[in-house]
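Novice: Quick one, fold the following:
(2 chains)
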Amino acid sequence: MTNEEVKKVVLDIIEDVAPDEDITTLIAEESLRDQLDLDSMDFLDIVMELRKRHKVEVPSEDYPQLATLASCVSYLTPKMQ
Amino acid sequence: MSEDKRIVITGIGLTAPNGSTLKEFRHNLIEGKSGITLEEIRYMGKHPAGLCEFDEVKYQKKKTRRRGTRAGSIAIFCANEALVDSGINFEEIDKSRVGTYLGITEHGNVETEEEIFLLHENNLDTTLWSHHHNPRTVSNSPAGEVNLNLKITGPHYTIGSACAGGNMGVIQGVQQLILDEVDFVLAGGVSESAQTFGIFAAFAAQGALGSHEDPTKASRPLDIDRNGIVISEGGCIYTLERMSSAKARGAKIYGEVLGYGVNTDATDFVLPNTERQIQCINKALSKAKITKEDVNIVNMHATGTKAGDINEVAAVKAVFNDCTSTHVNFSKGHIGHAMGAAGALELAGNLLSFEDGIVHPGINVDNLDPDCAMKNLVINEAKNVGSENINIILNNSFGMLGINSSVIIKKV
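Specialist: Prediction:
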């Protein structure tokens, strides 16, 4: 997958996990939690959906890599080749 | 009796297969309109079932709906509707003195079935099992979702009492107010049963799953051609408070909970016991300090099974047969069996009789089972007896493992 494709994967999951939020104005380099009403349970959901939909494992020590949209893309893209 | 010990109903929120406001529900009960439709049930094909149409996110965010349960979303909708109906300024009352007590038949089957379905779809990979499973399936879940939603810090729990659940929620609320544990109560019952295949499969295995080519005719209590229960979801939550507080704030009062009876057959897992039902009804009459002649409407549990109907008719006849002004009806012909919600919903369906003087009918009785014939049975057509002739309603709700409940409401 390209960076753009991985970005779409992440956005699709966030849209499902946080359906009340507007994700069209997300700033890629800023913290997702600062921009969206997301808590630790939501991040568990994001990890679960990555596993379920794309067979991607995110070990707990790597959860900080999911802090921003940009860091999600750079962390996940090598895993989704 | 002190007005601090008299408990009244001041608000009603509900969703039933044939209506999601009290006015719509009442209208359809009087008009004989069924809410049963043919629905696809997982693994089982199409079966008659009662599903509710209401806005799940009218009072909660989409995210909390996603995290929660169908029963919780029913409860949140009903609780908020009841609060609006009660006219109380909820922002200003002490939330630590509010109690939420919801009757349930069962809880957690919907989520568990879904997780097991996904488990099999994914080669039994348990790492895909949702971390939401536990908070969704703990048995206090529907009541807890209400308190989360409304920021209520008083007690919340469910009362597991099979199909007597709706009545039992109300009874629990009354008791907690009388005990001065709380000052304001949200109480009733909810059910998400129609969202599981297991309950359909189990009733089918028991030979007790209602069917008919026309789904609106499938639930037919007391009819000789009935063939079982039609499973529904639903909810009904009341606001309960002391007569003193209701009067002080000038609240509309639907009725006073005058008494109740609860007991156990202790004879069978599923088969009813007429003698115990009689004892339960008499216990309620005694607690209410009224005579049987004072009762104007008896709403039967009447599920549409032969054993259930005949045993209950025998109990109602044993108590009320010589009463001239006691009318008998039932509600499951219209809405199917809403399980944990049934008792609370069916009571709500009759409460407006105090105002309009109409006894709504039990429907789908094309050929009355001779063993179910009794005096003043109101079937197929509503009966207008005049509001001056309806002062007391008795609501029966019975459940598996032999739990019986009767609630008595008096016009205020």
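Novice: Every contact and neighbour count from this point should use C-alpha atoms.
Specialist: Fine.
Novice: Look at residue 47 and say how many residues are nearby.
Specialist: Reading this off chain A. Residue A:47: 19 surrounding residues under other CA atoms under 10 Å in any protein chain shown.
Novice: my bad, chain B
Specialist: If we define neighbours as other CA under 10 Å, then residue B:47 has 22 of them.
Novice: which residues does it contact?
Specialist: Contact analysis of residue B:47 by CA atoms under 8 Å, 6 or more residues apart in numbering or on different chains lists B:38, B:39, B:40, B:41, B:211, B:215.
Novice: which SS state does the second one fall under?
Specialist: If I follow you right, that is residue B:39. Three-state call for residue B:39 (DSSP: H, G, I helix; E, B strand; the rest coil): strand.
Novice: Up against chain A, what does chain B have?
Specialist: B:61, B:62, B:63, B:128, B:130, B:131 (CA under 8 Å from any CA of the partner chain).
Novice: now, the most widely separated pair of the residues you listed?
Specialist: B:61 and B:128 (24.8 Å; CA to CA).
Novice: how about the residues of chain B next to chain A in JSON lines, adding distance to residue B:181?
Specialist: JSON lines is the format used below for the residues of chain B next to chain A (distance: CA to CA, whole Å):
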{"residue": "B:61", "distance to residue B:181": "31"}
{"residue": "B:62", "distance to residue B:181": "33"}
{"residue": "B:63", "distance to residue B:181": "33"}
{"residue": "B:128", "distance to residue B:181": "42"}
{"residue": "B:130", "distance to residue B:181": "36"}
{"residue": "B:131", "distance to residue B:181": "34"}
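Novice: so of the residues you listed, which ones are in helices?
Specialist: If you go by DSSP state H, the residues of chain B next to chain A have B:62, B:63 in helices.
Novice: Buried ones among the residues of chain B next to chain A?
Specialist: B:62, B:63 (16 or more other CA atoms under 10 Å in any protein chain shown).
Novice: Now do the strands in the stretch 201-350 of chain B.
Specialist: B:231-232, B:234-242, B:255-264, B:297-300, B:327-330 (DSSP state E, counting those that start in this stretch).
Novice: Pull the contacting residues for residue B:362.
Specialist: For residue B:362, the contacting residues are B:32, B:221, B:329, B:330, B:331, B:332, B:333, B:334, B:378, B:379, B:380, B:381, by CA under 8 Å, 6+ apart.
Novice: ok, these vs chain A, which is closest?
Specialist: residue B:334 (35.5 Å; CA to the nearest CA).
Novice: tally of neighbours for the closest residue to residue B:403 other than its chain neighbours?
Specialist: Nearest residue to residue B:403, sequence neighbours excluded (CA to CA, 6 or more residues apart in numbering or on different chains): residue B:264, at 4.6 Å. For residue B:264, the tally of surrounding residues (other CA under 10 Å) stands at 19.
Novice: isn't residue B:264 right next to residue B:399, touching?
Specialist: No - judged on CA atoms under 8 Å, residue B:264 makes no contact with residue B:399 at a distance of 9.5 Å.
Novice: And the spatially most central residue of chain A, its phi and psi?
Specialist: Note on chain A: the residue nearest the mean C-alpha position is residue A:10, at 4.2 Å, using CA atoms, centre = their mean. Per-residue torsions, residue A:10: phi -70, psi -40 (degrees, to the nearest 10).
Novice: do you know how far it is from residue B:311?
Specialist: 59 Å (CA to CA, to the nearest Å).
Novice: Repeat that for residue B:293.
Specialist: Distance from residue B:293 to residue B:311, by CA to CA: 21 Å.
Novice: Looking at these two, which has the bigger crowd around it?
Specialist: More crowded of residue B:293 and residue B:311, by other CA under 10 Å: residue B:311, with 20 against 15.
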